[in-house]
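Enquirer: The sequence and its predicted three-dimensional model are supplied below.
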Amino acid sequence: MNELDALGAAVRDAIARRGGRTAVREAITRPGRYDDELWRLLAGHIGVAALAVPEKYDGAGASLREAAVVVEALGESLAPVPMLSSAVVTTGTLLAAGDDDTCARLVPDLAAGTRTAALCWAGPAGWDAPGVTAEAGLLSGTAEYVIDGESADTFLVLAGPSRPTLHEVPADGPGVTVTPLPVLDATRPLARVCFDQTPAHTIGSPPGLPGRIRTLAWALLSAEQVGGAARALALTVEHTRTRKQFGRELASFQALKHAMADMYVLVETMRSMSAAAVAAASDDDPQAAELAAAAHVYCSEGYVSVTGQAIQLHGGIGITAEHDIGLYFKRAQADAQLFGSPRRALADIAV
């Protein structure tokens, strides 16, 4: 077992000890809709939030490849913890901004998992234009679809109206209102964050920062989609081996074998596409944006396809709220629209 495999195994073991998807279903009914105990275990004992953080900010000095292993394992379990939102996307935004003073102040706590942060990025029309404006150090407007916004300690805000600028706001700051949103995927809490003349600390950032954030977000999201699709396939194989029709196991029927073989090929192709995107983003490859967009398109469509087929192969039980396969189907649909739809990604590739 290599180091990456050992890391993934440690994360899966921690999730299993916490209670697996039973704990997931319990967590999403609590205030904040996330599993704070599991996050303390993952961040405090395994150090998952510190993986892609440089050592000078008390990080592990690893890379996005290691972070992707964790994100994939969490995608398998749908564990509601702020790994993607806080440890990957928001911390990655701070590091990409390159403001040493702000990073030295915020990133060590983010790496330790004692502070969580959420990125306020999307406006009413999606992630192409911020919904918040900045004027004279004050923020006004509304950020939509803020992942883990209910439980975040700090908000990083991309604000317009012209070239987007980056700002830091305490979640309990004056003029900040956080509203939980109803969601298709209950394991991914989203919030609407409104700012009303809110004082903010402006963070120096380079041009093109939103594009770099999107590349990071799509690349790591694809790893989560791989984990979810792989688990949906495993649940389907398990179901067809234990259920019988006409006195035979469902898995013995040739048509179902072919369907599951196609699902397996799709999952493994998704894995290769995601690995290429993560490697490019980790190495600052000039083709990273194109590879991340391609991974978003392919893995989004693949995840939707695999979970849709899984629902069919589960039969009637697959559409019940009690069965886990429905959770993966909903996550697949929601992930396909996260940080911009596949249609948006195709437009990026075409430019």
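Expert: Arrived safely.

Enquirer: in the stretch 1-150 of the chain, which spans are helices?
Expert: Under the criterion DSSP state H, counting those that start in this stretch, helices of the stretch 1-150 of the chain are mapped to 3-18, 20-27, 36-41, 64-77, 91-97, 100-112.

Enquirer: what distance separates the last one from the centre of its chain?
Expert: So the one you mean is helix 100-112. 21 Å (CA atoms, centre = their mean, to the nearest Å).

Enquirer: hmm, who's touching that helix?
Expert: For helix 100-112, the surrounding residues in contact (CB atoms under 8 Å, 6 or more residues apart in numbering) are 43-44, 49-50, 53, 57-60, 86-87, 90-91, 94-95, 97, 115-117, 154, 168, 201, 203-204. Using the backbone N, CA and C atoms, a C-beta is placed for each residue, glycine as well.

Enquirer: Go through it and flag the buried ones.
Expert: Buried positions in helix 100-112, judged by neighbour count with 16 or more other CB atoms under 10 Å: T102, C103, L106, V107, P108, D109, L110, A111, A112.

Enquirer: so G228 makes contact with A334?
Expert: No: the pair G228 / A334 is not scored as a contact, 10.7 Å apart, by CB atoms under 8 Å.

Enquirer: okay, those two: which has more neighbours?
Expert: Between G228 and A334, counted using other CB atoms under 10 Å, G228 has the larger neighbour count: 28 against 16.

Enquirer: would the more buried one count as being in a helix?
Expert: Yes: checked against DSSP: H, G, I helix; E, B strand; the rest coil, G228 lies within a helix.

Enquirer: Return the residues in contact with it.
Expert: With the criterion set at CB under 8 Å, 6+ apart, G228 makes contact with G75, E76, L78, Y303, T307, Y328, R331, A332, D335.

Enquirer: Let me know the secondary structure of F339.
Expert: With three-state DSSP as the basis, the three-state label of F339 is coil.

Enquirer: re earlier: the helices of the stretch 1-150 of the chain: lowest mean pLDDT?
Expert: Averaging pLDDT over each of the helices of the stretch 1-150 of the chain singles out helix 20-27 as the lowest, with a mean of 81.

Enquirer: That one packs against which elements?
Expert: For helix 20-27, the helices and strands in contact under the criterion 3 or more CB pairs under 8 Å, 6 or more residues apart in numbering; DSSP states H and E are helix 64-77.

Enquirer: Can you show me the CA trace of the helix it packs on as PDB?
Expert: Taking only C-alpha atoms (Å, rounded to 0.1, in the frame of the first residue of the first chain), the coordinates of helix 64-77 have been written out as PDB:
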ATOM      1  CA  LEU A  64      -3.700  18.800  -4.400                       C
ATOM      2  CA  ARG A  65      -3.200  15.100  -5.300                       C
ATOM      3  CA  GLU A  66      -3.300  14.200  -1.600                       C
ATOM      4  CA  ALA A  67      -6.300  16.500  -1.000                       C
ATOM      5  CA  ALA A  68      -8.100  14.800  -4.000                       C
ATOM      6  CA  VAL A  69      -7.600  11.400  -2.300                       C
ATOM      7  CA  VAL A  70      -9.500  12.700   0.800                       C
ATOM      8  CA  VAL A  71     -12.200  14.400  -1.300                       C
ATOM      9  CA  GLU A  72     -12.800  11.200  -3.300                       C
ATOM     10  CA  ALA A  73     -13.100   9.200   0.000                       C
ATOM     11  CA  LEU A  74     -15.600  11.800   1.300                       C
ATOM     12  CA  GLY A  75     -17.500  11.600  -2.000                       C
ATOM     13  CA  GLU A  76     -17.900   7.800  -1.400                       C
ATOM     14  CA  SER A  77     -19.600   8.400   1.900                       C
END
